[in-house]
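S.K.: Give me a 3D structure for the following:
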Amino acid sequence: MSSINQIFNRFFQRWKFHFYAILPHPTEAKILMLSDEENNCFLPNICINEDIHPSDFATIQKVIEQELKISANILYYAHNYDDKSQCEIKTIYVLENNYLGK
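M.R.: This next block holds a predicted model:
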């Protein structure tokens, strides 16, 4: 790859957006956690390569509903971290279950 292409790719590198969801249980002091085959626990999360600002709750809510199959409202984001060296944004959202469904 030519040096111009390398510079172009580095300068215009697409950002990855990692969305993590904290979904509290409606009546108990618990949150939704997922696990893998090795019994590692983690928050529900998705990674996308689209340009979505962390405060664009309406779009993020749609992505969460489509990808995680969770019908929930976003209350706020609890943490946001921009890693400019890796072109990644990691945001943790606090949700509430949408009992009305869609």
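S.K.: List the buried residues in the lengthiest helix in the chain.
M.R.: Looking across the chain with DSSP state H, the single longest helix is helix 57-68. By neighbour count on 16 or more other CB atoms under 10 Å, the buried set for helix 57-68 is 57, 60-61, 63-64, 68. Backbone N, C-alpha and C define where each C-beta goes, glycine included.
S.K.: so how far is L95 from the nearest residue to D82 once chain neighbours are set aside?
M.R.: Leaving aside its chain neighbours, D82 sits nearest to I89 (5.2 Å; criterion: CB to CB, 6 or more residues apart in numbering). Relative to L95, I89 is positioned 18 Å away (CB to CB, to the nearest Å).
S.K.: Specify which residue of the two has the higher count of neighbours.
M.R.: It is L95, of I89 and L95, that has more neighbours when counted by other CB atoms under 10 Å, with 22 against 18.
S.K.: Report the rounded mean pLDDT for the helix or strand hosting that one.
M.R.: L95 belongs to strand 88-97 when assigned by DSSP states H and E. The pLDDT scores in strand 88-97 average 94.
S.K.: Can you list the strands that that strand pairs with?
M.R.: Applying DSSP bridges to the sheet, strand 88-97 is found paired with strand 16-22 (parallel), strand 72-83 (antiparallel).
S.K.: CSV please, covering those and showing mean pLDDT and mean neighbour count.
M.R.: Output for the strands paired with strand 88-97, formatted as CSV (pLDDT from 0 to 100; neighbours: other CB atoms under 10 Å):
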stretch, mean pLDDT, mean neighbour count
strand 16-22, 94, 18
strand 72-83, 93, 13
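S.K.: dump the residue contacts of the residue nearest the centre of the chain.
M.R.: For the chain, the residue nearest the mean C-alpha position is F19 (0.8 Å; CA atoms, centre = their mean). If a contact means CB atoms under 8 Å, 6 or more residues apart in numbering, then F19 has 45-48, 60, 63-64, 91, 93 as its contacts.
S.K.: Which of the residues you listed lies at the shortest distance from L34?
M.R.: Distance to L34 across the contacts of F19 (CB to CB) is lowest for N45, with 8.4 Å.
S.K.: is it true that that closest one touches I22?
M.R.: No. If you go by CB atoms under 8 Å, N45 and I22 don't touch, sitting 10.6 Å apart.
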